[in-house]
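Novice: Return atomic coordinates for the entry below.
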Amino acid sequence: MNMTLSEQICLAESILLEKFRLEPFHNLYRLYEIEPQSQRLGGTCSDKTLSYLTEINASGLSGFLHTARIGDQECHRLARLEIQGASYFADIGNGWPSIRLYPSHQSIEYSCFGMRFRSEISGSKIQIFHTRNGKESLQMQFDMNPQSQKAIDDQILNRFNSGTSYPFDQGLRFSMIVGPKFLFLRDTTLEIYSETGFERIDGIRASDIHDVIWRYYNIDINTIISGDPCR
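Specialist: Residues are numbered from 1 along each chain as shown. The predicted model follows:
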C-alpha cells in the first residue's frame, strides 16, 4: 500500500468512526435468540468487529480478529491491525465510543463526547481505561501478541450456544454515535453524552422501546430483527 503511516492510521480511524456512526452496538440478536443476517445492522462485539475487518481488508489494510478479557472472562472481540511493522488495536465492538486505535508500542489518552479513554502497557499486556461522569474504570485487558484466527472464528460461531455469559445479558443495550452526541440505551434508561454535557432519561417503558430508538437513533428495530437492511 502506497500510503504513509499517518495516512494508514487516519484511514483505519475514519472507518472506525464511520462504523460507530452507522452500525449500532446492540444485543438484540442475543435477546431474541436469532442469528445475524447482515453485518450492516450492528450487533455485539463479534458482529461489529467482523464488519469492521471486512472494510479494513477491502481498503488494503491488514486486519485480524483479537480477543480481550473483561473481568474474569475472555469474551470481548476487537481487531488487530498490522501497519508498517507495528500492531494497532481497534475496539469497534465496544458499547462505548472507542474511536482511536491503541498502538502496541506506546500508551495513549484521548477524550470524546465528554468521556476519556486511555491505555497502559506492561510487557505484552495492554489495559484500557474509560472515564465517564468523573469515574474511571478498567474496561478490558489483552495480550497484544497475535492470536489464533481459527480459534476466535470458532468461538464466534458458537457464541450463542456455548453457555458463555456476557456483561450485557441482563437487559437491553443499544448505543451509537448520533450527530454530535453519543447515546446509550440501557434497559429503561437513555444516557446522552456530548462535549457540552450529560443528560439522562429514566423510566422508559418496555412498550416504548421501539419508538424511543426510532426517535433518538432513527433506526427501526424491526429492520434489525428481520435482518433486512433495506426494510
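
Novice: The lengthiest helix in the chain - contacts with which helices or strands?
Specialist: Once the chain is assigned using DSSP state H, the helix that runs over the most residues is helix 5-22. Other helices and strands packing on helix 5-22, by 3 or more C-beta pairs under 8 Å, 6 or more residues apart in numbering; DSSP states H and E, are helix 45-58, strand 73-83, strand 86-90, strand 173-178. From N, CA and C alone the C-beta is placed, and that goes for glycine too.

Novice: now the closest residue to residue 45 other than its chain neighbours, what's its secondary structure?
Specialist: In space, and not counting its chain neighbours, residue 45 is closest to residue 93: 2.7 Å by C-beta to C-beta, 6 or more residues apart in numbering. Here residue 93 takes the coil state, with states given by DSSP: H, G, I helix; E, B strand; the rest coil.

Novice: Can you report phi and psi for residue 93?
Specialist: As for residue 93, its main-chain torsions (degrees, to the nearest 10) stand at phi -80, psi 0.

Novice: any idea how far residue 106 is from it?
Specialist: Using C-beta to C-beta, to the nearest Å, we find residue 93 at a distance of 23 Å from residue 106.

Novice: Name the residue in the two with the higher neighbour count.
Specialist: Neighbour comparison, residue 93 and residue 106: the larger count goes to residue 93, with 23 against 9 (by other C-beta atoms under 10 Å).

Novice: before we move on, the earlier item: can you redo the helices and strands packed on helix 5-22 as a markdown table with distance to residue 193, mean neighbour count and mean pLDDT?
Specialist: Compiled in a markdown table, those are given as follows (distance: least, C-beta to C-beta, whole Å; neighbours: other C-beta atoms under 10 Å; pLDDT from 0 to 100):
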| stretch | distance to residue 193 | mean neighbour count | mean pLDDT |
| --- | --- | --- | --- |
| helix 45-58 | 19 | 21 | 96 |
| strand 73-83 | 21 | 20 | 94 |
| strand 86-90 | 20 | 21 | 97 |
| strand 173-178 | 10 | 21 | 97 |
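
Novice: Looking at these, which is nearest to residue 21?
Specialist: Smallest distance to residue 21 across these (C-beta to C-beta): 4.7 Å, for strand 173-178.

Novice: Which elements pack onto the worst-scoring helix or strand of the chain on mean pLDDT?
Specialist: When the helices and strands of the chain are scored by mean pLDDT, DSSP states H and E, helix 28-32 comes last with a mean of 85. When contacts are defined as 3+ C-beta pairs under 8 Å, 6+ apart, helix 28-32 packs onto helix 221-226.

Novice: for the helix it packs on, packing partners?
Specialist: helix 28-32, helix 209-217.

Novice: Can you show me the CA trace of the last one as PDB?
Specialist: Presented in PDB, the C-alpha positions along helix 209-217 are these (Å, rounded to 0.1, in the frame of the first residue of the first chain):
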ATOM      1  CA  ILE A 209     -38.500   1.000  23.300                       C
ATOM      2  CA  HIS A 210     -39.300   0.800  19.500                       C
ATOM      3  CA  ASP A 211     -40.500   4.400  19.500                       C
ATOM      4  CA  VAL A 212     -37.500   5.700  21.600                       C
ATOM      5  CA  ILE A 213     -34.900   4.000  19.300                       C
ATOM      6  CA  TRP A 214     -36.700   5.400  16.200                       C
ATOM      7  CA  ARG A 215     -36.900   8.900  17.700                       C
ATOM      8  CA  TYR A 216     -33.400   9.200  19.000                       C
ATOM      9  CA  TYR A 217     -31.400   6.900  16.700                       C
END
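
Novice: What average pLDDT does it get?
Specialist: The average pLDDT within helix 209-217 is 96.

Novice: ok, and what's touching it?
Specialist: For helix 209-217, the surrounding residues in contact (C-beta atoms under 8 Å, 6 or more residues apart in numbering) are 24, 172, 174, 176, 178, 183, 185, 190, 204, 219-222.

Novice: Fine, thanks again, bye for now.
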